[in-house]
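Engineer: I would like the atomic coordinates for the input below:
(2 chains)
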Amino acid sequence: MALSKPLFSRLLPISLRVPIRPQHRLLCLATPTDLPDAPTDAAAERRRRKRRLRVEPPSSRGPVPQRTPGGPRPGSNRNALKLPEPASVLSGKRLDLHRRILTLIRENDLNEAALLTRHSIYSNCRPTVFTCNAVLAALLRQARYADFLSLHRFVTQASVAPTVATHNLFIQAYCDCRRPETALEHFRLLLKDESPVLPSPTTYRILARSLAENGKLDLALELKDGMLERGLVAPDPQVYAFVMGGFVNAGDGDKAVSLYEELKEKLGGGPILDGVVYGNLMKGYFLKGMEKVAMDCYSEVLGEGSEVRFGAVSYNMVLDALGRNGRLDDAVQLFDRMCTEHDPPRRIAVNLGSFNVMVDAYCRVERFQDAIEVFGKMGERRCTPDALSYNSLIDWLGKNELVGEAEGLYKEMGERGINTDEYTYVLLIESCFRVDKVDDAVGYFNKMFDVGLRPNANAFNKVIDGLVKVDRIDEAQGFFDLMPEKEVKPNIASYELLLRAYTNVESLDDAIKMAKGILLDESVVLSDELKALLEEALEKEGRNGDMAKLYEDVEMEKAEAAARAAEEKARAEALAKEEEEKKKAEAKAKEESAARASRAAIDAVLGRKREAENDESSEGTNVEEAQVVESHSDTVGTAGEQNEGDDQKQESGDASSQVIASSS
DNA sequence: GGAAACTCTG
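Structural biologist: Numbers count the residues shown, from 1 in each chain, chains lettered A, B, ... in the order given. Have a look, this model is predicted:
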């Protein structure tokens, strides 16, 4: 048997499939990594880049290697490991459906888009995986994680074979929810031998970023090393930049710099032409106290004749490095240059982030008027500040007692239709308390409920804290008591604020009540410090015995609660058992009736055969047994496994046709 | 409690 080419390539170690030679490395570095932020521009740029790549010799940037279309090895579950459909299926009716769904997404009717996707799955016009991906991506953009996961599960169960993009979306979803470890578990599935899809550079970038942002630096390094070892993707400057950023945030400038050096070496020792690494490199040097080296690096990569490519994002990182390290003048200068270079849609050198970084830089040196001015200039670049932009400026203004300005921005959000979030209100509450506008602060807190936001325990604590500080403890207690009604669990800080307040004003009965609350709440513990505080206060009042009594009461109440819980549990268990028995009986009945039906079908066929041939053959029994097993395996996977190796049987055939096939 | 990166294709 001659080895087909795809099969042959499957047998090669992965690292040999895509040769990476030094000259190709340079090519791949020369590709811009910064894309315009408007989606249409981004798409255009991507297409253009792809066209460019088509005429260039194969480089490591070429299409991600996919495992051979020869299908998974025998013995594996076909449904879980199906290869994704090729792009050519996006034609005819399925393309029409795709377009319809894209239109719905554009009109921001995601519910309808998701619904149409689901309904089409079992119709004669199945959505392609590309269509599913588009809907999933839209849900993710809007942070609708529950809907995302639900649709993802639905299309997976309907065995729409995922592409890398599908996996990346799934991984991104978990990363967005700050659960990089779960994302990592999913990623590991892609590395298994039997996975038909391989990770792409994007996969590594998403994970590296999330791991670094969440301080999982060991895992980030492990991921990066895995990227190098497997050689599925070339050493990626973006991945390195993310990991470097993680170490910068942890204050480890040495490690950030050494990662840069490692990347440089991996890429052949020449200058790294992707500007994405330099912001964090400079921050690394600043952290090490090497200001001069940082600034030398700055003038080198951004000076005359530098080949290093910068897009908005890479610029922003350098801008931030300058702004955070007392180099505002340089930052202003760079920002001006960026604005001059900015020439959309051809060249995107400024984006929303650039403004945010500049606002931050001005605020850091308390030049608030300049900050507000830059903030206002966003409109000129057709950038709209979002909640985060507003929040961060409101934060700075509030912290510096410029409450009027902060409130002005809040009003502006309303006028411009920019959605405030819980954090906006928390910032305003803090600002008002800081300048003793207590009623205004309380007003902002209540406003949250009016506009349908859901303050968390932290937000409650802010208002409780503020009220306690101006001795309005009753009102503070009122908000504490409101928490259960709003389905918010108090945390230890919530209890502590009131416990301290009560001991301070010597309302010891109330203090004891709070302590009791802590002791009865399984999710918090009474710290030794708080305990000592209460004990001391009680002692001073000659109520030494009350502490012991508190513990006795708590023990008693706990015992009572435990007894109630046990009773509850026993009742629930009995109920569950009953339910299970019922289900078992039902299943048994179903099985029996199915067996009867199957036997009847077989008898009918065999009977007919006997009539025809007048034959006494007993061959039917084997078939019959196999058939019963087949008709009762609900899960496609196990049915598939059982069928493996049984070449007599068709995979998809209904009961009677199989019986006929094997008995004739 | 807070930064912008980008993946499949018609």
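Engineer: who in the stretch 151-300 of chain A is up against DNA strand B?
Structural biologist: A:163-166, A:168-169, A:172, A:200, A:202, A:205-206, A:209, A:213, A:238, A:241-242, A:245, A:276 (Cβ under 7 Å from any atom of the strand). C-beta coordinates here come from the backbone N, C-alpha and C atoms, glycine included.
Engineer: Show the average pLDDT along the helix or strand in which A:Leu97 is found.
Structural biologist: Assessed by DSSP states H and E, A:Leu97 sits inside helix A:92-106. Helix A:92-106 shows a mean pLDDT of 92.
Engineer: Show me what that helix is packed against.
Structural biologist: Counting contacts by 3 or more Cβ pairs under 8 Å, 6 or more residues apart in numbering; DSSP states H and E, helix A:92-106 packs against helix A:110-121, helix A:129-141.
Engineer: Just list the residues touching A:Leu211, thanks.
Structural biologist: A:180, A:184, A:217, A:219-220, A:223, A:243, A:246 (Cβ atoms under 8 Å, 6 or more residues apart in numbering).
Engineer: ugh, wrong one, I meant A:Thr384
Structural biologist: Counting by Cβ under 8 Å, 6+ apart, A:Thr384 has contacts A:352, A:378, A:416, A:418.
Engineer: okay, now A:His342: neighbour count?
Structural biologist: By other Cβ atoms under 10 Å, 17 other residues sit near A:His342.
Engineer: now A:Met556
Structural biologist: 10.
Engineer: Please, which helix or strand holds it?
Structural biologist: helix A:545-613.
Engineer: Distance from that helix to the middle of the chain?
Structural biologist: 36 Å (Cα atoms, centre = their mean, to the nearest Å).
Engineer: What is it packed up against?
Structural biologist: Packed against helix A:545-613 by the contact rule (3+ Cβ pairs under 8 Å, 6+ apart) you find helix A:508-520, helix A:528-540, helix A:620-632, helix A:655-663.
Engineer: State the mean pLDDT of that helix.
Structural biologist: In this model, helix A:545-613 has an average pLDDT of 88.
Engineer: the helices in the stretch 151-300 of chain A, which residues?
Structural biologist: A:164-176, A:180-191, A:201-213, A:217-230, A:237-249, A:253-266, A:278-287, A:291-302 (DSSP state H, counting those that start in this stretch).
Engineer: for those helices, which one sits closest to A:Leu482?
Structural biologist: helix A:164-176 (30.3 Å; Cβ to Cβ).
Engineer: residues making contact with the closest one?
Structural biologist: With Cβ under 8 Å, 6+ apart as the test, helix A:164-176 has contacts from A:64, A:84, A:129, A:132-133, A:136-137, A:140, A:143, A:145, A:148-149, A:152, A:162, A:180, A:182-183, A:186-187, A:190, A:197-200, A:202-203, A:206-207, A:209-210.
Engineer: what do you get for stretch A:457-474?
Structural biologist: A:422, A:425-426, A:429-430, A:432-433, A:436, A:438, A:441-442, A:445, A:448, A:475-476, A:479-480, A:482-483, A:488-491, A:493-494, A:497-498, A:500-502, A:505, A:507.
Engineer: Take these and keep only those in helices.
Structural biologist: Counted as lying in helices by DSSP state H, out of the contacts of stretch A:457-474, are A:422, A:425-426, A:429-430, A:432-433, A:438, A:441-442, A:445, A:448, A:475-476, A:479-480, A:482-483, A:493-494, A:497-498, A:500-502.
Engineer: Is the helix holding A:Leu97 positioned near DNA strand B?
Structural biologist: Yes: applying Cβ under 7 Å from any atom of the strand, one finds helix A:92-106 touching DNA strand B at A:95, A:98-99, A:102.
Engineer: Tell me where the model's unsure across chain A.
Structural biologist: Low-confidence segments of chain A, defined by pLDDT under 70: A:1-80, A:608-664.
Engineer: Of the ones in helices among the contacts of stretch A:457-474, select the buried ones using a ChimeraX command.
Structural biologist: Restricted to buried positions by 16 or more other Cβ atoms under 10 Å, the ChimeraX selection for the ones in helices among the contacts of stretch A:457-474 reads:
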select /A:425,426,429,430,432,433,438,441,442,445,448,475,476,479,480,483,494,497,498,500,501,502
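Engineer: In a strand, A:Asp471, correct?
Structural biologist: No: A:Asp471 is assigned coil when assessed by DSSP: H, G, I helix; E, B strand; the rest coil, not a strand.
Engineer: For stretch A:543-561, list every residue counted as buried.
Structural biologist: Within stretch A:543-561, the residues that count as buried by 16+ other Cβ under 10 Å are A:546-547, A:550, A:554.
Engineer: about what we covered before: same list, the helices of the stretch 151-300 of chain A, but as TSV with distance to A:Lys558 please.
Structural biologist: Shown next, in TSV, are the helices of the stretch 151-300 of chain A (distance: least, Cβ to Cβ, whole Å):
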stretch	distance to A:Lys558
helix A:164-176	37
helix A:180-191	34
helix A:201-213	40
helix A:217-230	39
helix A:237-249	42
helix A:253-266	48
helix A:278-287	50
helix A:291-302	58
